[in-house]
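> I would like the atomic coordinates for the input below:
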Amino acid sequence: MTHTNRPLASPLRRPLPETTRRRCVVTGAAGFIGSQLATRLHEQGWAVTGIDGFTDSYDPVEKHQRAAALERLGGVSIVVGDLVTSNLESLFDGAEVVFHLAGRAGVRASFDIEPRYVHDNVTATEAVVAAARPGGVRRIVYASSSSVYGNSPTPFREDLPPAPISPYGRTKLEAERLCLEAASSGLEAVALRYFTVYGPGQRPDMGLRIFAEAALHGRPLTVFGDGTQRRDFTYVDDIVDATIAAADAPASGLAVNIGGGSSVTLLEVLDLLGSLVARPVDVRFHPFARGDVLATEADSTRAASLLGFRAHVPFERGFRAEVAWVRDRSELVQAEEARSA
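Just a heads-up that it's a prediction; the model follows:
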């Protein structure tokens, strides 16, 4: 059985002839979101250059698989390199837009290896901004995070003072600042504050995928906290829609929330997961983890106004698709192991 990562929304345009294609660069192109963004851009007629450092933030095997799939598309090229040390001016030459999705994600690990977060999120963004203008780039679309808000009152509005409570949140905020300040000197820039992105292809270190894998194999699930934490989960296709819209949005120098439109507790997630796997899930509760916020919820007024964005995939539908993808992937891995035994 197979399950694709095709959008749950409308059909895509046929690719344009090479001579009429707009050119862009996607940093972090082998990542969960970056690979799906690069695929959609290609299908909508863009010529795409991706760059990825294939860091050890999680097992890079999946990243290499995604990169290989992108290169098979034709019209998408992948460059391997660290943004800090790569010749970005040459890479950016002729690119109209840089979709800057590269970075080191994850709140908990950021307390232990903060210098690596600074390198991958802040220093790398400094390099992107420095190379963009000499490379002729018109706009940077930066993938920021709801983590910049910390435990601010919900719903989070972009005009709230940022209050990150983890090194990860602080580095995302600093990278966001670098991009938005560049807009004051002629380079267009928009920072999209993504809210908990999920869906087929999700990173293996993210909670929803970990929960699904454990439940499907009958293993206990670990929840940090009492399960009442709320998250504004945002389906990956909606994130891609918003990110592409930001390339031409009538806005620059602004941060924009990109949320899924509903705030769901972890207890509600676990109840839904039990119904999707057709058996109760075994949950083990542990104390709250450092850096975990109590609730996230996006005020999407600015996204609707400037990007014409509205989330289309409700959480139940999106999580069902992710669990199906996890199940299909597990069956494929088991089949491959059986063939090689």
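> when you work out contacts or count neighbours from here on, use the C-alpha atoms and nothing else.
Noted.
> got any ranges where the stretch 151-300 of the chain has weak pLDDT?
Nowhere does the stretch 151-300 of the chain drop to pLDDT under 70.
> at 80 instead, please
184-186 (pLDDT under 80).
> now residue 191: phi and psi?
phi -110, psi 120 (degrees, to the nearest 10).
> dump the residue contacts of it.
Taking CA atoms under 8 Å, 6 or more residues apart in numbering, we find residue 191 in contact with 141-144, 176, 179-180, 253-256.
> so which of those residues are in helices?
176, 179-180 (DSSP state H).
> would a markdown table of the residues you listed with neighbour count and distance to residue 207 be doable?
Below are the ones in helices among the contacts of residue 191 laid out as a markdown table (neighbours: other CA atoms under 10 Å; distance: CA to CA, whole Å):
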| residue | neighbour count | distance to residue 207 |
| --- | --- | --- |
| 176 | 27 | 25 |
| 179 | 28 | 29 |
| 180 | 24 | 30 |
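> and of those residues, the nearest to residue 165?
Using CA to CA, residue 176 comes nearest to residue 165 of the ones in helices among the contacts of residue 191, at 16.0 Å.
> quickly note the distance from that closest one to residue 67.
Distance, residue 176 to residue 67, using CA to CA, to the nearest Å: 26 Å.
> go on, residue 97?
According to CA to CA, residue 97 stands 20 Å off from residue 67.
> ditto for residue 324
From residue 324 to residue 67 the distance is 22 Å (CA to CA).
> mind listing the helices for the stretch 101-250 of the chain?
Ranges of helices within the stretch 101-250 of the chain are 114-117, 124-132, 167-182, 207-216, 236-245, based on DSSP state H, counting those that start in this stretch.
> centre of the chain to the last one, how far?
I take that to be helix 236-245. When C-alpha coordinates are averaged (CA atoms, centre = their mean, to the nearest Å), helix 236-245 and its chain have centres 10 Å apart.
> so what touches that helix?
7-9, 33, 36-37, 40-41, 99, 141, 192, 194, 197-199, 258, 260, 307-313.
> show me just the buried residues among the residues you listed.
Buried residues within the contacts of helix 236-245, defined by neighbour count using 16 or more other CA atoms under 10 Å: 7, 33, 36-37, 40-41, 99, 141, 192, 194, 197-199, 258, 260, 307, 309-313.
> these in strands, which ones?
Those of the buried ones among the contacts of helix 236-245 mapping onto strands are 99, 141, 192, 194, 197-198, 258, per DSSP state E.
> burial count for residue 78?
19 (other CA atoms under 10 Å).
> and it, what element?
If you go by DSSP states H and E, residue 78 is part of strand 76-80.
> what residues of stretch 60-78 count as buried?
Residues of stretch 60-78 classed as buried: 62-63, 66-67, 70, 75-78 (neighbour count, 16+ other CA under 10 Å).
> ditto for stretch 268-278
The neighbour-count check on stretch 268-278 (16+ other CA under 10 Å) flags 269-270, 272-274, 276-277 as buried.
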